[in-house]
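**Q** predicted model follows, preceded by the sequence.
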Amino acid sequence: IVSHLSDARPKVVICRHLGPAMPLLQDRKDIEVVLWPEDRSCERSWLLDNIRGAAGVLVLLGDKVNEELLEAAGPNLRVVSTMSVGYEHIDLPLMARRKIRVGYTPDVLTEADLSVMLALMAGRNDGAAYSLVRNGDWAKPKFAWSPFTFCGPQLSATPSSPTRTVGFLGFGRIAQATLARLIPFGITHCLYAGSPSSRPDTARDAALQATHKLKVLERVDADRLARESDVLFVLTPGGTETYHLVDAAFLRKMKPMSVLINTSRGSVVDSDALATALREKWIWGAGLDVVEGEPLITEDHPLVKEPQCVMVPHIGSATFQTRLDMATRAINNLYGGLFGEDMPAELGR
Ligand code: DGY
């Protein structure tokens with residue numbers, strides 16, 4: 001940890017206006033703030049020009065923190081703070097080698113809320129049903145109320161279907177928060193497959209099972225997870241370790257009435273395989289907040305064209321409260337790294 005500052009007024013580069021959190025930066029007299037001036041993603045060339053000599057940088061998901069950026073910054077750079085819980089845009093081994101501290105924003109996100117929303121929407125055909133209303137087609141006789149039009153699998157337990165199994169690929173904080181939100185739906189079984197590098201935690205699992213009064217809470221392999229889940233949530237970090245864990249082979253094992261939700265990273269799910277799975281009815285539906293190649297997703301993307309796929313543009317953390325918490329935490333992380341103090345959330349510590 002840096003305990004002594006060589007530069008009296010360290011320069012920090014901020015890659016996006018942070019709205020109501022900006023006074024936390026602009027009111028400080030002991031730093032020089034260089035702010036990307038436009039209301040769109042920070043241009044790489046601007047960042048490379050402006051980071052020269054900076055001691056800290058506050059980035060978003062789209063700003064790659066790699067060798068090129070560190071070269072442009074020079075030797076003063078001592079902290080990178082990302083306003084995100086995900087960090088695959090940051091070359092962590094490189095940061096470790098250069099002894100640059102990295103802050104991120106766990107614990108304040110609302111992906112769990114959005115995951116439940118997407119599970120309900122995808123099961124109940126809300127993508128297609130909502131488009132129908134928007135297109136003015138509700139008035140057509142074939143869409144008048146009828147016994148089984150627009151039916152889908154029910155998320156909650158019912159007398160005729162008393163066992164409901166939720167599955168989680170990745171079982172960290174957000175997955176556990178999602179499980180807690182699902183308990184009132186009468187969920188009876190929870191299966192999960194940990195990230196490849198995570199370890200079993202039987203004491204935690206026993207406690208969770210007791211708290212939620214679940215019949216089953218079990219760590220299983222990917223094969224069982226795919227075969228037995230009624231609703232499967234992908235909540236594992238992105239990166240090479242989890243790339244395309246959900247591929248054609250995985251999707252083929254899922255139940256025909258099951259629903260797949262991805263609110264973590266697009267790279268975990270093979271988009272082409274998912275489009276085929278929906279088209280050929282291997283699974284019932286999908287709810288996606290993240291997609292490979294985002295944000296370059298247009299109306300001719302195979303998943304956008306699938307009526308049983310509900311897609312929203314990476315809005316998992318998009319509430320005023322959460323974004324303000326994330327921005328505040330990112331700024332405080334930046335200060336921790338700048339002034340050699342603790343960070344509220346530091347990676348690798
Ligand atoms: C993150 O912080 O990594 C989220 O994906 C943003 O919603």
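**A** Thanks, I have it.
**Q** and residue 26, how far from residue 103?
**A** Distance of residue 26 to residue 103, given as C-beta to C-beta, to the nearest Å: 19 Å. Placement of C-beta: from N, CA and C, glycine included.
**Q** who has more neighbours, those two?
**A** residue 103 (27 against 12; other C-beta atoms under 10 Å).
**Q** wait, what's in contact with that one?
**A** 79-82, 329-330, 333-334, 336-337, 343-347 (C-beta atoms under 8 Å, 6 or more residues apart in numbering).
**Q** helix/strand/coil for residue 290?
**A** coil (DSSP: H, G, I helix; E, B strand; the rest coil).
**Q** mind checking how far stretch 73-90 is from the chain centre?
**A** 18 Å (C-alpha atoms, centre = their mean, to the nearest Å).
**Q** what is the end-to-end distance of that stretch?
**A** One end of stretch 73-90 to the other measures 15 Å (C-alpha to C-alpha, to the nearest Å).
**Q** what residues sit buried inside stretch 272-290?
**A** For stretch 272-290, a neighbour-count test (16 or more other C-beta atoms under 10 Å) marks 273-278, 282-290 as buried.
**Q** try stretch 172-181
**A** 172, 174, 175, 176, 177, 178, 179.
**Q** pull the residues that contact that stretch.
**A** The contact list for stretch 172-181 (C-beta under 8 Å, 6+ apart) reads 106-107, 109, 111-113, 115-116, 166, 168, 187, 190, 192, 195, 198, 208, 212, 233, 235-236, 263-264.
**Q** just the buried members of these?
**A** By 16+ other C-beta under 10 Å, the contacts of stretch 172-181 give 106, 109, 111-113, 115-116, 166, 168, 187, 190, 192, 195, 208, 212, 233, 235-236, 263-264 as buried.
**Q** pick out the residue nearest the middle of this protein.
**A** residue 264 (3.2 Å; C-alpha atoms, centre = their mean).
**Q** using the three-state scheme, assign it.
**A** coil.
**Q** isn't it right up against residue 237?
**A** Yes: with contact defined as C-beta atoms under 8 Å, residue 264 counts as touching residue 237 (6.7 Å).
**Q** need the overlap of contacts for those two.
**A** Common neighbours of residue 264 and residue 237 (C-beta under 8 Å, 6+ apart) are 86, 170.
**Q** element containing residue 328?
**A** helix 320-338 (DSSP states H and E).
**Q** how far does that helix sit from the chain's center?
**A** Distance, centroid of helix 320-338 to centroid of chain: 18 Å (C-alpha atoms, centre = their mean).
**Q** can you measure across stretch 181-200, start residue to end residue?
**A** Where stretch 181-200 begins and where it ends lie 23 Å apart, using C-alpha to C-alpha.
**Q** could you list the buried residues of that stretch?
**A** Buried, per 16+ other C-beta under 10 Å, within stretch 181-200: 182, 185, 187, 188, 189, 190, 191, 192, 193, 194, 195.
**Q** got the residues of this protein near the ligand?
**A** 61, 84, 85, 86, 316, 317 (C-beta under 6 Å from any ligand atom).
**Q** the residue lying closest to residue 213 once chain neighbours are set aside and residue 176, how far apart?
**A** Spatial nearest neighbour of residue 213, excluding adjacent residues (C-beta to C-beta, 6 or more residues apart in numbering): residue 183 at 7.9 Å. Between residue 183 and residue 176 the computed distance is 11 Å (C-beta to C-beta).
**Q** just checking, what packs against the helix or strand bottoming out on mean pLDDT in the chain?
**A** The helix or strand of the chain with the lowest confidence, counting by mean pLDDT, DSSP states H and E, is helix 126-134 at a mean of 93. Helix 126-134 is packed against strand 309-311, with contacts defined by 3 or more C-beta pairs under 8 Å, 6 or more residues apart in numbering; DSSP states H and E.
**Q** from the chain's centroid, how far away is the strand it packs on?
**A** Distance, centroid of strand 309-311 to centroid of chain: 15 Å (C-alpha atoms, centre = their mean).
**Q** contact partners of that strand?
**A** 118, 121-122, 126-127, 274-275, 278, 285-289, 291, 297, 303-304.
**Q** same check, this time on stretch 220-235
**A** Contacts for stretch 220-235 (C-beta under 8 Å, 6+ apart): 111, 115, 119, 123, 153, 155, 164-172, 174-175, 178, 189, 191-193, 245-246, 250-251, 253-255, 257-264, 268-269.
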